[in-house]
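1. this one's sequence-less:
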């Protein structure tokens, strides 16, 4: 690589100043408009930082069940049973900084939230997230520091919501991906389960 950017000043010289609109859209809490937008989301990605590096995990559920807006400064996220890797939760214990990127199917904007998280095992809180006798083990409480929407360019260019679905037959299954790392793993039994 012949040239690389090593300072923020070099980066700003290359790109220039941010547009005024890109700065005006940011706020430190959920206003009524951002709350209205967020109430339609059923899927988001949570990014965290820890001792072993970074993590970015998808989260989703039916609208209204993937998270709750507790107030203009707090989002609550149930941690339902999964693979028990605990990457995000371990990172939060070591470094509370998180970033959330929310999506609404068919809408070519995203909403970004950054803040600090804690992990709660409050009984009443966990009970409020119980669905069909499935109670989360813990809850992530995110204290919001910044909120802003992201423009449509990436979603529009990718045609994420308008392109034809990919044929599942051409995508490796979860079992095949594990088998690619551990050749003695039985992908067919795993996928059938």
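-> Yep, that arrived. Note that the structure is a prediction, hence the values are computed from the model and not measured.

2. The longest strand seen in the chain - contacts with which helices or strands?
-> For the chain, the longest strand by residue count, based on DSSP state E, is strand 138-150. Helices and strands touching strand 138-150, by 3 or more Cβ pairs under 8 Å, 6 or more residues apart in numbering; DSSP states H and E, are helix 32-38, strand 74-79, helix 87-94, strand 97-103, strand 110-120, helix 123-128. All C-beta spots, glycine's among them, are computed from the backbone N, C-alpha and C.

3. Serialize the ones you listed to a markdown table and add fields for distance to residue 156 and mean pLDDT.
-> Below are the helices and strands packed on strand 138-150 laid out as a markdown table (distance: least, Cβ to Cβ, whole Å; pLDDT from 0 to 100):
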| stretch | distance to residue 156 | mean pLDDT |
| --- | --- | --- |
| helix 32-38 | 18 | 96 |
| strand 74-79 | 26 | 97 |
| helix 87-94 | 29 | 95 |
| strand 97-103 | 14 | 97 |
| strand 110-120 | 12 | 97 |
| helix 123-128 | 37 | 93 |
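
4. Turn those into TSV, including mean neighbour count and distance to residue 163.
-> Formatted as TSV, these follow (neighbours: other Cβ atoms under 10 Å; distance: least, Cβ to Cβ, whole Å):
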stretch	mean neighbour count	distance to residue 163
helix 32-38	14	23
strand 74-79	20	29
helix 87-94	18	29
strand 97-103	21	15
strand 110-120	18	17
helix 123-128	12	37
